[in-house]
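Enquirer: Dropping a prediction and its sequence here:
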4 protein chains.
Amino acid sequence: MESKFENIEKKTSSELDEILGKPFKVLNDGFVRVVDYMGNDESIVQAARVSYGKGTKKLNEDKNLIRYLLRHRHTTPFEMCEIKFHVRVPMDTWRQWIRHRMASVNEYSTRYSIAIDSMQSTEPNLWRGQAKWNKQGSEGYLSEDFGLKLSKEEAEFHKFAREIYENRIELGIAREQARKDLPLSTYTEAYWKIDLHNLFHFLELRMDKHAQFEIREYATIIGNEIVKRWVPIAWEAFNDYVVNSKTFSKFELDIIAALINNDKEKAIKIASEIRWLEYNENGLKSNIERTEFESKLINIGVNIPW
Amino acid sequence: MESKFENIEKKTSSELDEILGKPFKVLNDGFVRVVDYMGNDESIVQAARVSYGKGTKKLNEDKNLIRYLLRHRHTTPFEMCEIKFHVRVPMDTWRQWIRHRMASVNEYSTRYSIAIDSMQSTEPNLWRGQAKWNKQGSEGYLSEDFGLKLSKEEAEFHKFAREIYENRIELGIAREQARKDLPLSTYTEAYWKIDLHNLFHFLELRMDKHAQFEIREYATIIGNEIVKRWVPIAWEAFNDYVVNSKTFSKFELDIIAALINNDKEKAIKIASEIRWLEYNENGLKSNIERTEFESKLINIGVNIPW
Amino acid sequence: MESKFENIEKKTSSELDEILGKPFKVLNDGFVRVVDYMGNDESIVQAARVSYGKGTKKLNEDKNLIRYLLRHRHTTPFEMCEIKFHVRVPMDTWRQWIRHRMASVNEYSTRYSIAIDSMQSTEPNLWRGQAKWNKQGSEGYLSEDFGLKLSKEEAEFHKFAREIYENRIELGIAREQARKDLPLSTYTEAYWKIDLHNLFHFLELRMDKHAQFEIREYATIIGNEIVKRWVPIAWEAFNDYVVNSKTFSKFELDIIAALINNDKEKAIKIASEIRWLEYNENGLKSNIERTEFESKLINIGVNIPW
Amino acid sequence: MESKFENIEKKTSSELDEILGKPFKVLNDGFVRVVDYMGNDESIVQAARVSYGKGTKKLNEDKNLIRYLLRHRHTTPFEMCEIKFHVRVPMDTWRQWIRHRMASVNEYSTRYSIAIDSMQSTEPNLWRGQAKWNKQGSEGYLSEDFGLKLSKEEAEFHKFAREIYENRIELGIAREQARKDLPLSTYTEAYWKIDLHNLFHFLELRMDKHAQFEIREYATIIGNEIVKRWVPIAWEAFNDYVVNSKTFSKFELDIIAALINNDKEKAIKIASEIRWLEYNENGLKSNIERTEFESKLINIGVNIPW
């Protein structure tokens, strides 16, 4: 009985151990903290090397291997790392959070216990305007005049909501029914356990600038304060190959090739053929896909060719 | 190329086809309806028979096969049936619903669109009391005097909550932020797609008398009005072998055996050994597990032996 | 920011730590060993208590809480424990193993590396006969005369299979193609990571006497040597409430109630009504469901009433 | 009760209906065919529009919406389409196939029934050489001299393997044990049910040129013959935005930007800084990541700048 596998020992991360249990504050009254975890950068390497058996001589530097795996979306070795968080988060944010199905969850039960007496409140200068072009985004802030009024109204509403809740409880209404009108801003708490592959997917979506501010705050702290300490090599690779990468469609690649080959005319011809450059009386007609491509060019420091 | 498999044709259910798209009303303003589905009782049989290949002569009656599979928790053939619902449900109920991870979901987005203008309201005679013994249950109803007051207050609160929401929208607050204080009673809508195995699991938990009233209402209609029409044989088996079955622990089995063998003394001796029959000054001390067993006995029509 | 949660510290199991990395031999050349893990009995309690918030005074004994959770199939707290195994197992057994989807896997790649030079071989006295009644079972052993012949033939076949494989490799055939005729008895190795809830499900199915001998050997060792050390309280509860429990259908409960109430006639009447007691010229006609019930009765020490 | 949702009717695909049940031949004796399905391109749109509620005026062209969803990895609407295949495939290929966990499977059981009497055989001109640089790939074919010898040996081995199997069965060995030495080339059959999102993921990995020839054959037919008929718009989008797209890392984007800006020197400087351009006595040292980037450039028709 001679295994192909290297020797085995429990993998830990001393940097993460240092902040175990320490709550990182998020929003006005939320937090996130690590409760337990399993594995580290080495576990990823270890798992990948099972697949490779003896044949690992060429990829023997751990860092290169992790970067290779992440670049090529070989995701299973990243599943070998697992982490458990304790989070405190407004129910509205939790509604988005829980849509990530590949995780284990135990949430504080307002059916069993009295609802947490805390709601997400908004500073007068932090009322966000509806984004003009992005139907599901926000843009800028309302003037503080309005903000003050809104924050005052919010506070009154929270007070009213809590009174109604507590009044019901006092009258002997079942907790499961008393809670029915709690505002979505009410904080809840949960244990949330997930593997690194699925956590990266969560972070990719929720650290993104299109994610809603609130969940982005949590995701950013999980990424920058926790994952970075836990699996520093994988975290760096994730940033280089996922967060800061860009994907180009078949058409975009053709245009880029033309631009590199210094053939602007051809680039414009391709864009025209896919109807990106249609005009009406006001000039260039709006086209979502073209706009997305233009943003990518601007973002990497290249002028728009048309 | 000669397959072991029988001939293949699309499986449908004419009974289910008749109610396709028809909304079944639930609560004051919710509903559930079937949008699409795949497979029927025959699909379960078909899938099981792949596993059995040619060797199916003895189990050749479809009904017996389905009942056998369900009785023995051979769950994979039930995954071959898939159904898609359109539901309208209070967010509070949806919070429980969505905990079932093995399903596909597209929910109405209050980030993208204006929140649905409807909340779950409560009739004056339907305010439930907190259960005395079951911390997460309800029991009885409050007197209508209190009920009238509570329902009035609820209506005022809903009005206030909606005003605040609409006021924010009017001021140009981003929808994603304006929604933060919507009460959990606000209705949401979603497509919910799930396979029959996982749907049975949902129904087992949510049709149960310990499930909260609201979600039980949805589950009961899904079961009795929809699944029963869709896969009548599997539905009957599910009722016989899951819903109306009972599981007994090692100790309970020993006690039951003693009772059947007419040896009440032995039954009591076993119960004593596992410390179910300890006394204090008030008589028999409370013991959750013993109480559960007693309920099972009473439920099947047997007297408690001690 | 005051959390409802208790203080947090990493949970370990000193008993499990003692056997970390130690291979338990299975079959002629397989093994299973723990590589890493997260959580212990306390993690289950901790997770459950989030749900219960402060309201845990009555269930405050850890053991009782774990037993309660398991008895009532409150499965999510058990997902908070995670374990990673390194296994060496014949591909035929692995084909069954891998059907459990809720796990993370990294397998030794015979596409990348030379196949492991070891196959599951059979002792002359361990060739199992086909079960008469159970189409997917085995029963008894062939006489050693035949066994000697079979084991010799097996050894020759293994030798031939390996020669062909190595010959192909030597000729420069791609490993991914050379492996195509490896016997299913060839050993593979893998990391297999799973949470306790899903592991219990695996063990329930694979420690069962209907599971195939080979995978039962692995499951039994995982259960008795590893899980028992890791989460002793949950393991005991699993045995009392799952492994050694029995579930009775609606009909079976009626019959049992009649038997306890000393009304054998009624028991027989119920059995007749559901057509369990039909006769032909050879006596009682065979009926799978009745036979299953009879086995349960015999198993708990009760005589068959008809 | 007024829903935000459009009217509902069952979605079908007449093009797919035409080939329902028709087996597409793969390899020497395998096949794949559609048994049942649910939804079509319209179901994707329908699901997305729930999320968007009323706010769909701007994205109202179905095709654009589907393309937008796929481009932005809004994957949940694609889960609303479900398809069930019947496949016949060598066990070696099935070992790779089954690694995709998000699917439902019922496989032909060689525990219950006699193993299918067919193995994947290899034409003399189709023995593939081991790839030089890619440890897990193949490259070119062996000369037919060797091929003839290998195919003859393969046939003999298959014959021997089957004889041993049938001999064991005849002697009364349990099927579950008799099968233990079946070659991986033995065909198995299964029902395989999966949603469109997960099927696209399967196809992305398995139609890729790095996938093994055998599974690529299946994937290609599923894509080109089946998915293309089923959801033609989604299929086109999948090709434009996934199959034929390329992703560039942070560093690669910087180099591309420099090239477009006609600053070759800067491009080379960036490459040097990340140590892509190190030399030894034989010239440029090999570097996997640089080679990958070079391939991408060549592939889109751009010269390597160094």
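Expert: Right, received. Where do you want to start?
Enquirer: Tell me, what's the model's pLDDT at the closest residue to chain C within the stretch 201-306 of chain A?
Expert: At 13.0 Å from chain C, residue A:230 is the closest residue in the stretch 201-306 of chain A, using Cβ to the nearest Cβ. No exception for glycine: its C-beta is placed from N, CA and C like everyone else's. On pLDDT, residue A:230 comes in at 98.
Enquirer: number of nearby residues for it?
Expert: Around residue A:230 there are 24 other residues, counting by other Cβ atoms under 10 Å in any protein chain shown.
Enquirer: what's the distance between it and chain D?
Expert: Per Cβ to the nearest Cβ, to the nearest Å, residue A:230 is found 21 Å from chain D.
Enquirer: Residue A:71 too?
Expert: 7 Å.
Enquirer: okay but that residue is in contact with residue D:296, surely?
Expert: No - with contact defined as Cβ atoms under 8 Å, residue A:71 does not count as touching residue D:296 (11.9 Å).
Enquirer: OK, contacts around the closest residue in space to residue A:231 that isn't next to it in sequence?
Expert: Sequence neighbours aside, residue A:41 is the residue nearest to residue A:231 in space, at 4.9 Å (criterion: Cβ to Cβ, 6 or more residues apart in numbering or on different chains). With contact set as Cβ atoms under 8 Å, 6 or more residues apart in numbering or on different chains, residue A:41 has these partners: A:62, A:66, A:231, A:232, A:233, A:234.
Enquirer: low-scoring stretches of chain A, by residue?
Expert: Along chain A, segments meeting pLDDT under 70 span A:1-9, A:53-60.
Enquirer: Break it down into its domains, please.
Expert: A:14-114+A:187-243, A:124-181, A:250-300 (automatic domain parsing).
Enquirer: Now do the longest one: distance to the chain's middle.
Expert: Its chain's C-alpha centre and that of domain A:14-114+A:187-243 lie 10 Å apart, by Cα atoms, centre = their mean, to the nearest Å.
Enquirer: all helices for the stretch 101-250 of chain A, in order.
Expert: For the stretch 101-250 of chain A, the helices defined by DSSP state H, counting those that start in this stretch cover A:144-171, A:175-178, A:196-206, A:213-221, A:228-230, A:232-238, A:250-260.
Enquirer: For the contacts of residue A:41, which single residue is the most surrounded?
Expert: residue A:231 (29 neighbours).
Enquirer: Just want to check the distance between that one and residue A:16.
Expert: Here residue A:231 is placed at a distance of 9 Å from residue A:16 (Cβ to Cβ, to the nearest Å).
Enquirer: residue nearest the centroid of chain A?
Expert: residue A:206 (2.1 Å; Cα atoms, centre = their mean).
Enquirer: Distance check, that one against residue A:96.
Expert: 8 Å.
Enquirer: ditto for residue A:12
Expert: According to Cβ to Cβ, residue A:12 stands 32 Å off from residue A:96.
Enquirer: Quick check, residue A:184 in contact with residue B:185.
Expert: No - contact between residue A:184 and residue B:185 fails when scored by Cβ under 8 Å: they sit 10.7 Å apart.
Enquirer: quick one: which of the two has more around it?
Expert: Each of residue A:184 and residue B:185 has its neighbours counted (other Cβ under 10 Å); residue B:185 has more, 25 against 22.
Enquirer: Give me the distance between the more buried one and residue A:182.
Expert: Using Cβ to Cβ, one obtains 9 Å as the distance from residue B:185 to residue A:182.
Enquirer: for residue A:137, same thing?
Expert: For residue A:137, the distance to residue A:182 - Cβ to Cβ - is 26 Å.
Enquirer: Run through the residues that contact residue A:16.
Expert: A:34, A:37, A:40, A:226, A:229, A:230.
Enquirer: how about 6 Å then?
Expert: A:229, A:230 (Cβ atoms under 6 Å, 6 or more residues apart in numbering or on different chains).
Enquirer: And the one 3 residues further on, by the same measure?
Expert: Remark: with contacts taken as Cβ under 6 Å, 6+ apart, residue A:19 is in contact with nothing.
Enquirer: How about the contacts made by the residue of the stretch 201-306 of chain A closest to chain C?
Expert: A:13, A:16.
Enquirer: repeat for residue A:204
Expert: Taking Cβ under 6 Å, 6+ apart, one finds residue A:242 in contact with residue A:204.
Enquirer: if you set the cut-off to 7 Å instead, what comes out?
Expert: A:242, A:243 (Cβ atoms under 7 Å, 6 or more residues apart in numbering or on different chains).
Enquirer: before we move on, what about residue A:27?
Expert: When contacts are counted by Cβ under 7 Å, 6+ apart, residue A:27 touches A:120, A:214, A:217.
Enquirer: So the first one sits against residue A:185, correct?
Expert: It refers to residue A:120. Yes - counting by Cβ atoms under 7 Å, residue A:120 touches residue A:185, with 4.2 Å between them.
Enquirer: okay, and the common contacts of the two?
Expert: A:90, B:180.
Enquirer: Can you tell me how far the closest residue to chain C within the stretch 101-250 of chain A is from residue A:104?
Expert: In the stretch 101-250 of chain A, the residue found nearest to chain C is residue A:113; the distance is 3.3 Å by Cβ to the nearest Cβ. Look at residue A:113 and residue A:104: by Cβ to Cβ, they are 21 Å apart.
Enquirer: With residue A:298 instead?
Expert: 41 Å.
Enquirer: Export only the CA atoms of stretch A:90-98, formatted as CSV.
Expert: The C-alpha trace of stretch A:90-98 is given here as CSV (Å, rounded to 0.1, in the frame of the first residue of the first chain):
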residue,chain,number,x,y,z
PRO,A,90,-29.8,43.9,7.0
MET,A,91,-32.5,41.5,5.8
ASP,A,92,-32.7,43.4,2.5
THR,A,93,-29.0,42.7,1.9
TRP,A,94,-29.5,39.2,3.1
ARG,A,95,-32.1,38.6,0.5
GLN,A,96,-29.4,39.1,-2.2
TRP,A,97,-26.8,37.2,-0.2
ILE,A,98,-28.8,34.1,0.2
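Enquirer: what about that stretch and chain B, any contact?
Expert: Yes - under the criterion of Cβ under 7 Å from any Cβ of the partner chain, chain B is reached by stretch A:90-98 at A:92, A:98.
Enquirer: Doesn't residue A:37 belong to a strand?
Expert: Yes - when DSSP: H, G, I helix; E, B strand; the rest coil is applied, residue A:37 is found to be in a strand.
Enquirer: Hmm, residue A:83 and it touching each other?
Expert: Yes - assessed by Cβ under 7 Å, residue A:37 is found in contact with residue A:83 at 4.3 Å.
Enquirer: Thank you kindly, that will do.
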